[in-house]
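Novice: Need the 3D shape of this:
(one chain, ligands or ions: 1)
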Amino acid sequence: MLVGKRILLVIGGGIAAYKSLELIRRLQDRGATVRAILTKAGTEFVTPLSVGSLTGDKVFQELFSLTDENDMGHIELSRDADLMVVAPATADLMAKMANGHSNDLASTALLATDKRVLIAPAMNVRMWLHPATQRNLATLRGDGVSVVGPNDGSMACGEFGPGRMAEVPEIIAAIEAMMANPAVSHPLKGRKVVVTSGPTREAIDPVRYISNHSSGKQGHAIARAAAEAGAEVTLVTGPVAIPDPVGVNVVHVESARDMLAAVEKALPAAIAVFAAAVADWRVADVAGGKIKKGAGGPPSLAFVENPDILATVAGLKAGRPDLVVGFAAETDNVIDNARAKLARKGCDLIVANDVATGTGTFGGDANTVHLVTPDGVETWARQSKDEVARALVARLADRLGKT
Ligand code: PMT
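Specialist: Okay, the predicted model is just below:
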């Protein structure tokens with residue numbers, strides 16, 4: 001897919017710059033030609049010699065280098081490419097791009113380009129979550145810049161959270177998606193998407209509740225991927241310990257009934273994805289005060305069924321989303337149970353996953369999913385939840401385009 005494509009790679013100054021060397025090799029494996037701009041800060045992490053040895057070309061570093069300008073000026077350099085990729089995109093590079101700075105070769109080439117731009121942000125978690133970076137990110141998205149990552153994980157600085165640069169296969173997948181569809185950088189632009197995520201909590205008394213192990217990682221990744229695809233996204237999430245995804249309208253709820261109300265408020269939408277692990281039952285009579293441990297032994301709790309949010313939305317007569325996607329969390333007979341859920345809940349697609357003990361699906365960073373539709377079952381290789389999310393969103397955008 002990348003045969004004959006010319007990629008201009010801007011390598012910023014971050015520890016993730018080492019991954020850019022691998023990126024060059026993998027792009028070349030796919031037939032692309034790579035030219036590199038190395039920022040001054042970038043040279044602190046990788047050398048011009050290592051970058052140039054891999055690209056087999058001059059490494060462009062100086063804006064005011066006569067030799068560079070004679071060989072190829074910065075305007076020509078950026079226009080000569082089919083795509084510009086910034087990896088790692090540091091907080092500083094993003095700020096320069098968002099504000100139109102042009103005080104070095106990288107920022108000048110990015111300002112001068114008439115080609116599409118993909119950034120792979122990488123920075124400390126606090127820097128990533130800082131309102132200034134988030135503002136810059138929103139500006140860049142609004143300017144049509146595509147974004148891959150960052151991923152959650154432990155960082156070189158010892159902190160944990162979002163900020164790790166996307167892995168090389170993820171960056172390649174994003175580049176291939178952009179190349180495959182040059183006219184449409186944001187396939188869900190102008191579309192509304194609603195996603196549910198995380199667990200719900202059902203109160204027993206003011207102190208205790210019933211819940212489950214959902215971390216929200218899969219649902220949040222879907223919301224993020226839909227926003228990256230240009231959609232206007234509302235994420236309705238139960239209580240989770242992970243940060244809100246960027247560029248998404250987030251509604252925090254506790255119980256299944258709260259979640260249903262928030263979803264109904266967020267409609268109409270073109271796509272609704274129900275990744276939340278909603279409690280099927282709630283306690284019939286929630287105690288007004290803390291239930292005391294007494295001589296009578298443990299209390300008996302009676303349960304009533306919660307509303308089924310997925311089935312309610314899938315069954316809407318008016319204002320039903322074009323695509324209603326459910327998940328199935330199963331511990332046995334995963335496919336058969338998912339098929340039954342597809343029929344029972346009336347949705348268009350079920351993403352089935354195994355949540356049995358030891359699978360790591362709840363709370364983990366990776367997932368193995370099976371796409372179950374009335375036409376059959378498709379099993380995807382185990383991949384990160386971010387990759388599942390991007391692939392799912394690409395599939396839904398494709399289906400929406402055909403409806
Ligand atoms: O959050 P993570 O730690 O990343 O884990 C991800 C996940 C395992 C939670 C996720 O991938 C997943 O499988 N989500 C669905 C969990 C679930 O509740 O599945 P279910 O088989 O019980 O429900 C089937 C579908 O009906 C789901 O889309 C669910 O959101 C929906 N549902 C269920 C009950 C209910 N009252 N209302 C609903 O909308």
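Novice: Extract the C-alpha trace of the strand or helix carrying M178 and format it as CSV.
Specialist: Using DSSP states H and E, the element containing M178 is helix 168-180. What follows is helix 168-180, C-alpha atoms only, in CSV (Å, rounded to 0.1, in the frame of the first residue of the first chain):
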residue,chain,number,x,y,z
VAL,A,168,5.4,1.4,15.2
PRO,A,169,2.7,-1.0,13.9
GLU,A,170,0.0,1.4,15.1
ILE,A,171,1.7,4.4,13.4
ILE,A,172,2.1,2.3,10.2
ALA,A,173,-1.6,1.3,10.4
ALA,A,174,-2.6,5.0,10.7
ILE,A,175,-0.4,6.0,7.7
GLU,A,176,-1.8,3.2,5.6
ALA,A,177,-5.3,4.2,6.5
MET,A,178,-4.6,7.8,5.5
MET,A,179,-3.0,6.6,2.2
ALA,A,180,-5.8,4.2,1.5
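Novice: Next secondary structure after it?
Specialist: The first helix or strand that comes after helix 168-180 along the chain, using DSSP H and E, is strand 192-197.
Novice: now that next one: how far from the chain's centre is it?
Specialist: Centroid separation between strand 192-197 and its chain, computed with Cα atoms, centre = their mean, to the nearest Å, is 13 Å.
Novice: Likewise for stretch 285-296?
Specialist: Between the centre of stretch 285-296 and the centre of its host chain there is 43 Å, according to Cα atoms, centre = their mean.
Novice: how about that stretch: buried residues?
Specialist: Neighbour-count burial for stretch 285-296 flags A287 (criterion: 16 or more other Cβ atoms under 10 Å). All C-beta spots, glycine's among them, are computed from the backbone N, C-alpha and C.
Novice: same deal with stretch 223-241?
Specialist: Buried, per 16+ other Cβ under 10 Å, within stretch 223-241: 223-238, 240.
Novice: Any residue of that stretch touching the ligand?
Specialist: No. With Cβ under 6 Å from any ligand atom as the criterion, the ligand is not reached by stretch 223-241; the gap is at least 7.5 Å.
Novice: Which stretches in this protein count as helices?
Specialist: Assigned by DSSP state H, the chain shows helices spanning 17-29, 48-55, 66-71, 74-79, 91-99, 105-112, 125-129, 131-142, 168-180, 217-228, 256-266, 309-314, 334-345, 385-402.
Novice: what's in contact with the second one?
Specialist: Taking contacts as Cβ atoms under 8 Å, 6 or more residues apart in numbering, the residues outside helix 48-55 that touch it are 11, 20-21, 24-25, 28, 34-36, 38, 58-59, 61.
Novice: got TSV for these, with distance to the ligand too?
Specialist: Formatted as TSV, the contacts of helix 48-55 follow (distance: Cβ to the nearest ligand atom, whole Å):
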residue	distance to the ligand
I11	32
S20	29
L21	32
I24	33
R25	32
Q28	35
V34	35
R35	39
A36	36
L38	37
K58	45
V59	41
Q61	42
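Novice: Go through those residues and say which is closest to I171.
Specialist: Ranked by distance to I171 (Cβ to Cβ), these are led by S20 at 9.1 Å.
Novice: ok, residues contacting the helix holding M178?
Specialist: 1-2, 5, 7, 19, 22-23, 26-27, 30, 82-83, 85, 87, 116, 118, 120, 146, 148-149, 151, 166, 185, 384, 386-387, 390, 394.
Novice: let's see it at 7 Å
Specialist: For helix 168-180, the surrounding residues in contact (Cβ atoms under 7 Å, 6 or more residues apart in numbering) are 1-2, 5, 19, 22-23, 26-27, 83, 85, 87, 116, 118, 120, 146, 148-149, 185, 386-387, 390, 394.
Novice: next one: stretch 254-270
Specialist: 191-194, 196, 200-202, 234, 236, 238-239, 251, 253, 276, 278-279, 282, 306-307, 309, 312-313, 319, 321-322, 400.
Novice: Make a PyMOL selection of the buried ones in these.
Specialist: Per 16+ other Cβ under 10 Å, the buried members of these correspond to this PyMOL selection:
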select buried, resi 191+192+193+194+196+200+201+202+234+236+238+251+253+276+278+279+282+306+309+313+321+400
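Novice: could you flag which of the contacts of helix 48-55 are buried?
Specialist: Neighbour counting by 16+ other Cβ under 10 Å classes 11, 20-21, 24, 28, 34-36, 38, 59, 61 among those as buried.
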